[in-house]
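Enquirer: what shape does this take:
(2 chains)
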Protein chains: 2
Amino acid sequence: MNPVLPGDLSRAFTGLRLRTTPDEIAAFVSDESSLVGDPPLVVVSPRTVPEVQQAMRVATEHRLPVVPRGAGTGLSGGACAVSGSVLLDLSRMTTITELDPQARLAVVEAGVVNADVSTAAAQYGLMYAPDPSSWESSTIGGNIATNAGGLRCARYGATRASVLGLDVVLSDGRLLSTGGRTVKRSAGYDLTQLFIGSEGTLGVVVGATLRLLPLPPPQLTALATFPDVKSAALAAAALVATTSPTLVELMDELVVSALDQARGTGFGPSVGSVLVLQVDDAPAAQASISTAMAVGNAIDVAVTSDQGEAAELLNIRRATFAALQRLGPLLLEDVCVPVTHLAAMVSAVAEIGAAHGVRTCTVAHAADGNLHPVIVRDGHTRAEEAAADAIFRQAQALGGTVSGEHGIGRLKRHWLETELGEVALDIQRNIKQTLDPLGLLNPGAVIRASAASLPPGHRE
Amino acid sequence: MNPVLPGDLSRAFTGLRLRTTPDEIAAFVSDESSLVGDPPLVVVSPRTVPEVQQAMRVATEHRLPVVPRGAGTGLSGGACAVSGSVLLDLSRMTTITELDPQARLAVVEAGVVNADVSTAAAQYGLMYAPDPSSWESSTIGGNIATNAGGLRCARYGATRASVLGLDVVLSDGRLLSTGGRTVKRSAGYDLTQLFIGSEGTLGVVVGATLRLLPLPPPQLTALATFPDVKSAALAAAALVATTSPTLVELMDELVVSALDQARGTGFGPSVGSVLVLQVDDAPAAQASISTAMAVGNAIDVAVTSDQGEAAELLNIRRATFAALQRLGPLLLEDVCVPVTHLAAMVSAVAEIGAAHGVRTCTVAHAADGNLHPVIVRDGHTRAEEAAADAIFRQAQALGGTVSGEHGIGRLKRHWLETELGEVALDIQRNIKQTLDPLGLLNPGAVIRASAASLPPGHRE
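Expert: Residues are numbered from 1 along each chain as shown, chains lettered A, B, ... in the order given. This next block holds a predicted model:
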């Protein structure tokens, strides 16, 4: 019997790994966003699907809110515990059940770390394409919850494009299997796609069948410098119009100067923007690079087919957040605009920062129009929040969205509501109501439940 | 006033193009499947979104079933009229509202023909990737309804991968906009994906924002001959394991001999299977072809980078159905299995045909494991239906599905139910109920509505 839980609840949870002391649950209150959650009633760490089903049945019977969680690397507060909740910690479900190189698929439990799938696949010359920056720590379940992206999205799409099927424990404890093992399917409503990106609000993803792809052919890697972001964005747009790059990463002026300071990259003050990109090592793609960089009036272009040199160029991009962290704590944002508005949005971020007296910069997955505006925090929380609000509204004004790959979580619900509009919001709430009639699944994330469906004692 | 419709209904439809005489509605009763539908009450052919909304409001008020329809090229009976229905003919909504080559997207009305998008995009070096065989006649709305596939799915995915957003008229006449103009989005439930493949049973797709992609780089096209299907399937699997082909088409023995007879291709009796494929014209991909064809012990491999020669090789594949039609009327099927079971499934189709005394053959999108088993009809309907049933069950037994790209329509609902299983079927019905509470949208297609939600007087 757990000493903290009421006896009937403790008995109902028999056999599950439970944690209830303040020390034990502290690590589960927040994620990697700025949000601080509330202590859960209990952290339940199932090891098997039946254990998840047991936990969900108990939660439903006792009308307890449930917050599913993987590695807690989320950036939108979607895995932060809520008061009195069952924090469902899926990080112990780490089995790669199957890896079939011929069928090019992997069947994994939700707690498997992204990098572990890629490592297992690499021995067969295959990869799991989605590569969020958190890939060495975030879980497949979390990646699915947020439809996580990454650098290689430019060619391979976000998580959504690499999931063939799901196992989902529903709010009433039933196990739903969606999709399957085929790469094509036109057979009924695509529930797999419905659960991807639903951030634990419609059901608990416990397992997935993932699509594996051949590793890309030999690559040309390039780093090009530009006088300003507008020129770099033009070059990126010209590139994607003529070839399918594997990745195209854009860094703005403050990022470049932070890299110069932190890593001695020596770009200097004449460089206002840098692109790092990869394309297939083929004559046509090579020609695309030359033409596109000329379109953007590149100052300098370094191109290499050597893997060691390529790694060095990519490491410059990978070092950006560490370099920026030397300037102060960061608020890392995530918006996406039509790719034609990339330069306008990068400029808008800078202007919004200046107007609010807040230090901002931008790193972007340029081929996708997916920007990570960064606010360097200095204690002026209200100005920082106002700047973030202005950034979100500007992305929407440009026909974009408040999340390209991090999800809505608890932090962006307000902006999602304005983005969706009345009819879409109503339909989204109806779907939530259909799959989670008691409103127990990750309450407060993504969609504000209608008042009638909130668990007793919970108000929003 | 329309003389056939009751006065109040005729008044409610004022301003819409209506057809009610037997001659006028005859063309809308069936699609290109074997199913013969029932006469609709009225064919309504709206030209604008408000007209679709008007039609839906009238249908809901009068509790009339509604069957949305594009070009009527469907192969599963999903666009066949039902008795007393409003047949909503969207083929007059043919405007390409916008084509933005920089943003690489097209905004189109539902009735735009697939080929017209590709033609408009080609002048900018872009393409709309999904290329169902019906591309010169089928509409974007119909393609979205069935999540249509095609040859290039091997690289670019089915329709699902190329749609950024939708405009959907809901059963109550409200207009829902989903998704948007960005290529990435993690902002709430992905309603775009929910409507794709829903075959008009959740709402009426009236417009779409489509993703355009650069035309593929210069291609190598190859035609390889093999002693049998198993060898060809092995070669196809080896190819997709090392490169990302643009297309890989497999033809079995009866198809090869039909081509010899119809087109004088001269493969001869030693050829039991043919692959036609395309890869990027790059050294690595070229090496992949050589290795993969050797894995399958190819008899002969012709490779060309010449566009004229490539077109000739592709035309051999494109000529298959015309060649087969000389043998008799065809029942064209569509199943998908994990790609490792491709050879087993092709063999199973042949064995099932022999067991039922039915002539069968198979053309397959080999990279995706998507087979089109063909039954050459000779009047033995019962044996042909039994063979089709056995083919569907075998695909499911191999971990596959009864539809890779044609959809469920009215013809495959029974097999979908067994494929989904109890929990998934329940959830799919709940979603149908949520979006179409009166059960008016394309009744009888995809999902059998629960008895309570059927329109009055309609039984299934």
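
Enquirer: ramachandran angles for the closest residue to residue A:227 other than its chain neighbours?
Expert: Nearest residue to residue A:227, sequence neighbours excluded (CB to CB, 6 or more residues apart in numbering or on different chains): residue A:272, at 5.2 Å. Every residue, glycine included, has its C-beta placed from N, CA and C. Dihedral angles of residue A:272 (phi, psi; degrees, to the nearest 10) stand at phi -100, psi -10.

Enquirer: what about the strands in the stretch 1-150 of chain A?
Expert: Using DSSP state E, counting those that start in this stretch, the strands found in the stretch 1-150 of chain A span residues A:18-19, A:42-44, A:66-69, A:86-89, A:96-100, A:105-109, A:126-127.

Enquirer: nearest to residue B:103, out of those?
Expert: With CB to CB as the measure, strand A:126-127 is the member of these nearest residue B:103 (28.7 Å).

Enquirer: buried ones in the longest helix anywhere in chain A?
Expert: Ranked by number of residues, the top helix in chain A under DSSP state H is helix A:413-435. Neighbour-count burial for helix A:413-435 flags A:413, A:415-417, A:419-420, A:424-425, A:427-429, A:431-433, A:435 (criterion: 16 or more other CB atoms under 10 Å in any protein chain shown).

Enquirer: wait, does stretch A:25-36 contact chain B?
Expert: No. Applying CB under 8 Å from any CB of the partner chain, one finds stretch A:25-36 separated from chain B by no less than 14.0 Å.

Enquirer: now do that stretch: distance to the chain's middle.
Expert: 16 Å (CA atoms, centre = their mean, to the nearest Å).

Enquirer: what's in contact with it?
Expert: A:19, A:37-40, A:42-43, A:69, A:72-81, A:87, A:89, A:331, A:409-411 (CB atoms under 8 Å, 6 or more residues apart in numbering or on different chains).

Enquirer: show me what contacts residue A:413?
Expert: A:444, A:445, A:446, A:447, A:448.

Enquirer: ah, wrong one, I meant residue A:117
Expert: A:96, A:106, A:108, A:128, A:140, A:210 are the contacts of residue A:117 under CB under 8 Å, 6+ apart.

Enquirer: setting aside sequence neighbours, what's the nearest residue to the last one?
Expert: The spatial neighbour of residue A:210 that comes closest, neighbours along the chain excluded (CB to CB, 6+ apart), is residue A:106 at 4.7 Å.

Enquirer: got the contacts of residue A:117 as TSV, with neighbour count and pLDDT columns?
Expert: Listed next are the contacts of residue A:117 as TSV, based on neighbours: other CB atoms under 10 Å in any protein chain shown; pLDDT from 0 to 100:
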residue	neighbour count	pLDDT
A:96	17	98
A:106	27	98
A:108	27	98
A:128	28	98
A:140	32	98
A:210	26	98
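
Enquirer: the buried residues of helix A:413-435: which two are farthest apart?
Expert: Greatest spatial distance among the buried residues of helix A:413-435 (CB to CB): A:415 and A:435, at 23.3 Å.

Enquirer: which residue ranges of the stretch 101-250 of chain A form helices?
Expert: Secondary structure of the stretch 101-250 of chain A by DSSP state H, counting those that start in this stretch: the helices cover A:114-122, A:140-146, A:153-156, A:191-195, A:229-242.

Enquirer: tell me, how many residues neighbour the residue nearest to residue A:395 when sequence neighbours are not counted?
Expert: Spatial nearest neighbour of residue A:395, chain neighbours left out: residue A:335 (3.7 Å); criterion: CB to CB, 6+ apart. For residue A:335, the count of nearby residues is 31 (other CB atoms under 10 Å in any protein chain shown).

Enquirer: how about residue A:11, what does it touch?
Expert: residue A:1.

Enquirer: gap between it and chain B?
Expert: As judged by CB to the nearest CB, to the nearest Å, residue A:11 and chain B stand 27 Å apart.
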